[in-house]
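[1] pasting a predicted model and its sequence here:
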Amino acid sequence: MDDSALLARLLEGDEKAFVEIVRRYHESLVRVARYYVNSDASAEDVAQDTWIAVLRGVERFEGRSSFKTWLFRILVNRARTTGVKEHRVIPLDPLAAGPSVSATRFDQGGLWLEPPVPFTDTVEDALVNEPIIRLVHESIARLPETPRAVVTLRDVEGLSTTEVADLLGITEANVRVILHRSRARIRSEVEMATQLGTP
């Protein structure tokens, strides 16, 4: 059942529809929130707050964007607010612009082919590639806030460029530039770590 059908059932008061929506998106919400906040517990709290906001505001959802985009917008707004509060007491070391690699590297296959799919869907043997996936996620976590959000929403969660731009309030061109630079940085870090034998 697609999101619109579940949403219609939810608006009719069907609790099972809400349970299905939560089952479908909760893990993704926690994963995205985790890139804004300092702990797994905070990410879980942000996701829970998001679900409360959905229940309170679902009748006002106008359908101008997809339900998924609307849901992630609520999540990102709450996660940013929580992250800002946490960062007031925990100093962060801002990261300088990272290394880049030639754009031709992305034509050779791997994690960065279009259309974006979740990282784990590109892995043929999860046991063999688990260290690489871990390095990728660690590299994403080191990105500054906006690049981290762009990569997470676009490459990890599979939202379109348009959806990410709308969600973060930036242009599609900016999304593409940030995505290219962030992918280059991640790839470079992962390659360096694998050459050093980190995995």
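    Noted; the coordinates are in hand. Numbering: from 1, shown residues only.

[2] for the protein, what spans make up the helices?
    All helices of the chain, identified by DSSP state H, fall at 3-11, 15-34, 40-57, 67-89, 126-142, 145-151, 161-168, 172-195.

[3] would you format these as a markdown table with mean pLDDT and mean neighbour count included?
    In short, each C-beta sits where N, CA and C put it, glycine included. Shown next, in a markdown table, are these (pLDDT from 0 to 100; neighbours: other CB atoms under 10 Å):
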| stretch | mean pLDDT | mean neighbour count |
| --- | --- | --- |
| helix 3-11 | 89 | 16 |
| helix 15-34 | 92 | 17 |
| helix 40-57 | 93 | 17 |
| helix 67-89 | 85 | 18 |
| helix 126-142 | 76 | 15 |
| helix 145-151 | 89 | 21 |
| helix 161-168 | 88 | 20 |
| helix 172-195 | 90 | 18 |
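
[4] let me see the domain layout of the chain.
    3-89, 103-195 (automatic domain parsing).

[5] relative to Arg181, how far out is Met192?
    17 Å (CB to CB, to the nearest Å).

[6] ugh, wrong one, Gly57
    35 Å.

[7] please apply the same query to Ile21.
    Distance, Ile21 to Arg181, by CB to CB: 34 Å.

[8] what residues does Asp166 make contact with?
    65, 69, 73 (CB atoms under 8 Å, 6 or more residues apart in numbering).
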